[in-house]
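S.K.: 3D model of this:
(2 chains)
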Amino acid sequence: GAVVSQHPSWVICKSGTSVKIECRSLDFQATTMFWYRQFPKQSLMLMATSNEGSKATYEQGVEKDKFLINHASLTLSTLTVTSAHPEDSSFYICSATRGGVDTEAFFGQGTRLTVV
Amino acid sequence: GQQVMQIPQYQHVQEGEDFTTYCNSSTTLSNIQWYKQRPGGHPVFLIQLVKSGEVKKQKRLTFQFGEAKKNSSLHITATQTTDVGTYFCAGKLSGSARQLTFGSGTQLTVLP
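M.R.: Sure thing, here's the model as predicted:
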């Protein structure tokens, strides 16, 4: 199957700093990628849809100035958590589909962010 | 708003017992997908159902899509410890939506 690589797998940062998470489709082109947040023992909450070459589409309640998404190429999307606070600590995970929207989603390994 | 509900939230079974998780949508789904997430891991695609009333099997797993395309179920026969994890259903809620909406998930624990 297709491979989506997410980096880093975990990161600890100080409150007030920014953290960048990368999501790469290794063997296919992804015009659309999705960013999720998952709290312990809960479901995946869609944060935003990342569109190559255009602005991301954010879900209601997600601060676009805090969670900056850039989809500069067909294989790379980045999520930057700006001015991180302890409440931003979570598991962030990206996904991409290889073909149309009605195909399976391939997930990255996820990034465990801890803000201290 | 539109959402996908899943029950039960947690299920503990003895190894060898059967397990079923149910997924219900407030609106008609164009398709339903099922994913499994092992503890500490990321979701992995299991299957996609598209047709009304569709039934698909993968070894001990049986997936069903309701006639109205609003509900789905995953049944595991004779569970094994390797079945441990959280099972999510996910569907596309409207014709123009590009994203999947995930159910709340069912966390399965299999006791040896």
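S.K.: how about the residues of chain A by chain B?
M.R.: Residues of chain A lying near chain B by CB under 8 Å from any CB of the partner chain: A:1, A:32, A:34, A:36, A:41-44, A:46, A:49, A:93, A:95, A:101-110. For the C-beta atoms, the positions are set from N, CA and C on the backbone; glycine is no exception.
S.K.: ChimeraX command for the buried members of the residues you listed?
M.R.: This is the ChimeraX syntax for the buried subset of these, where burial follows 16 or more other CB atoms under 10 Å in any protein chain shown:
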select /A:32,34,36,43,44,46,49,93,95,104,105,106,107,108,109,110
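S.K.: what about the residues of chain A next to chain B, which are in strands?
M.R.: A:32, A:34, A:36, A:44, A:46, A:49, A:93, A:95, A:105-107 (DSSP state E).
S.K.: need the residue closest to the centroid of chain A.
M.R.: A:Trp35 (3.6 Å; CA atoms, centre = their mean).
S.K.: once you drop chain neighbours, what's closest to that one?
M.R.: In space, and not counting its chain neighbours, A:Trp35 is closest to A:Met47: 4.6 Å by CB to CB, 6 or more residues apart in numbering or on different chains.
S.K.: give me the element A:Ser54 is part of.
M.R.: Secondary structure assignment for A:Ser54, by DSSP states H and E: no helix or strand.
S.K.: neighbours around residue 31, how many?
M.R.: Unless you meant another one, I'm taking chain A. For A:Thr31, the count of nearby residues is 15 (other CB atoms under 10 Å in any protein chain shown).
S.K.: um, chain B though
M.R.: Counted by other CB under 10 Å, the residues lying close to B:Asn31 total 19.
S.K.: how many other residues sit next to B:Val55?
M.R.: 11.
S.K.: chain neighbours aside, what residue packs nearest to it?
M.R.: B:Gln64 (5.1 Å).
S.K.: from chain A, how far out is the one you found?
M.R.: In this view, B:Gln64 and chain A are 18 Å apart by CB to the nearest CB, to the nearest Å.
S.K.: same check, this time on B:Ile76
M.R.: Separation of B:Ile76 from chain A (CB to the nearest CB): 20 Å.
S.K.: what pLDDT is listed against B:Ser96?
M.R.: On pLDDT, B:Ser96 comes in at 55.
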